[in-house]
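J.: Predicted structure and sequence below. I'll ask about it afterward.
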Amino acid sequence: MIFRDALPADLPTIVAMLAEEQIGGRADDPSEPLDPAYLAAFDAIDRDPNQRLIVAELDGAIVGTMQLSWLPGLINRGAWRGQIEAVRIASDRRSLGLGAAMIGWAVDRFRERGCFMAQLTSNNDRVAAHRFYERLGWKKSHSGFKLELD
């Protein structure tokens, strides 16, 4: 499996993986042509040196995706932390160890940039994902809150 930064041409596959799980009232729509908002978001991520949209390829096919963010902060003497978002493995490729490899790769990128911590959030309804992260050694340490903005 190889990991690389996503390209605009990868967006239909990425959005299709995100749309497989419509959790929390999200409305991702993989139908083509894609909503131009996806390309605008891609461009914003691509321009930001503290953001990376990653795809995982196996045998030439995209089998996973995630977004990595590097977050500066004052806590811990100005240390940085790494944030992992929107982790997905193609539904027909789950339970093969690909997700563990992907998360391990992400953590290595955070270490390379001197982050003191890696963090992620996962919707409360994604119980299987929670078990997965716990098997990898991640700890439930905080409760998260979200406020939907109109």
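T.: Arrived safely.
J.: which residues touch the residue nearest to F116 when sequence neighbours are not counted?
T.: Of all residues not flanking F116 in the chain, A79 sits nearest, at 4.1 Å (C-beta to C-beta, 6 or more residues apart in numbering). Placement of C-beta: from N, CA and C, glycine included. Contacts were defined as C-beta atoms under 8 Å, 6 or more residues apart in numbering; by that measure A79 touches G73, G114, C115, F116, M117.
J.: Identify the residues contacting G137.
T.: Per C-beta under 8 Å, 6+ apart, neighbours of G137: none.
J.: can you give me the strands for this protein?
T.: 2-5, 51-58, 61-71, 81-89, 117-120 (DSSP state E).
J.: tell me, what residue is most central in the chain?
T.: M66 (2.6 Å; C-alpha atoms, centre = their mean).
J.: one step back: if you rank the contacts of A79 by neighbours, which is first?
T.: C115 (18 neighbours; other C-beta atoms under 10 Å).
J.: close enough to count as contact, that residue and W70?
T.: Yes. At 6.8 Å, C115 counts as touching W70 under the criterion of C-beta atoms under 8 Å.
J.: which neighbours do those two share?
T.: W80, R81, G82.
J.: Which of those sits closest to F145?
T.: R81 (18.3 Å; C-beta to C-beta).
J.: my read: the closest one touches R113, true?
T.: No. Under the criterion of C-beta under 8 Å, R81 lies out of contact with R113, with a separation of 10.3 Å.
J.: In the chain, spot the helix with the most residues.
T.: helix 98-112 (DSSP state H).
J.: and for it, what are the contacting residues?
T.: With C-beta under 8 Å, 6+ apart, helix 98-112 has contacts from 1, 3, 52, 54, 56, 58, 63-64, 66, 68, 70, 81-82, 84, 87, 89, 118, 132-133, 136.
J.: Under the pLDDT cut-off, which ranges of the chain? List them.
T.: 22-26 (pLDDT under 70).
J.: mind listing what the residue of it most remote from its centre touches?
T.: The C-alpha centroid of the chain is most remote from R77, which lies 26.6 Å away (C-alpha atoms, centre = their mean). Residues counted as contacts of R77 (C-beta under 8 Å, 6+ apart): none.
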